[in-house]
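Enquirer: sequence and computational prediction follow.
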Amino acid sequence: MNIARYVALVEELCFRPFPAGRGHHEAELEVSHGLRGGDLAERAVTAEQYRKYRDAMYDRLASRWGEGEPFSLQTVLLRTAEEEIPEPWASFGARADVAYLWEVPGTARWVAVAVTDRDVTDEIQLVAVVTEVAPP
């Protein structure tokens, strides 16, 4: 884990062109190994550690872009049943509960950092998303 490296990557993604056909970048900063469908106690420990990494990233990014508000991705997930939610928010909401969110000054881009641990049949990840699509 290298928070300075992760922050540098997120800042770089704020200026990098998006891949063709996708209006966003997604960076898997940390990924568990062997926890897909594994021991729930071990998953909980790993998820908590990744939340500490997310919080450390928050501290660094908040010093650059201001205090970010926690953004409930649970409400995004619930809204997908009633309305079309744009990507990357629909898939992000299916995988994480809460993200820290910033509108990055001078870029017209949004950054979200979250721990994706909702699905016990998938690995736990610390993920950063950079997009031009405003959160719903």
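Expert: Yes, it's here. Numbering: from 1, shown residues only.
Enquirer: any idea how far Phe71 is from Pro17?
Expert: Plainly put, Pro17 is 25 Å away from Phe71 if you go by Cβ to Cβ, to the nearest Å. Heads up, the C-betas are built off the backbone N, CA and C, glycines and all.
Enquirer: which one's more surrounded, the two?
Expert: Neighbour count, other Cβ atoms under 10 Å: between Pro17 and Phe71, Phe71 has more, with 21 against 6.
Enquirer: quick one: contacts of stretch 7-14?
Expert: 25, 27, 29, 57, 60-61, 64, 104, 107, 109, 111, 113, 128, 130 (Cβ atoms under 8 Å, 6 or more residues apart in numbering).
Enquirer: and if you look at stretch 40-53?
Expert: Identification of contacts with stretch 40-53 by Cβ under 8 Å, 6+ apart yields 1, 3, 6, 29-30, 32, 35, 115, 117, 120, 124-126.
Enquirer: ok now the longest helix along the chain, how far from the chain's centre?
Expert: The helix that spans the most residues within the chain, counting by DSSP state H, is helix 40-65. Taking Cα atoms, centre = their mean, to the nearest Å, one finds helix 40-65 lying 11 Å from the centre of the chain it belongs to.
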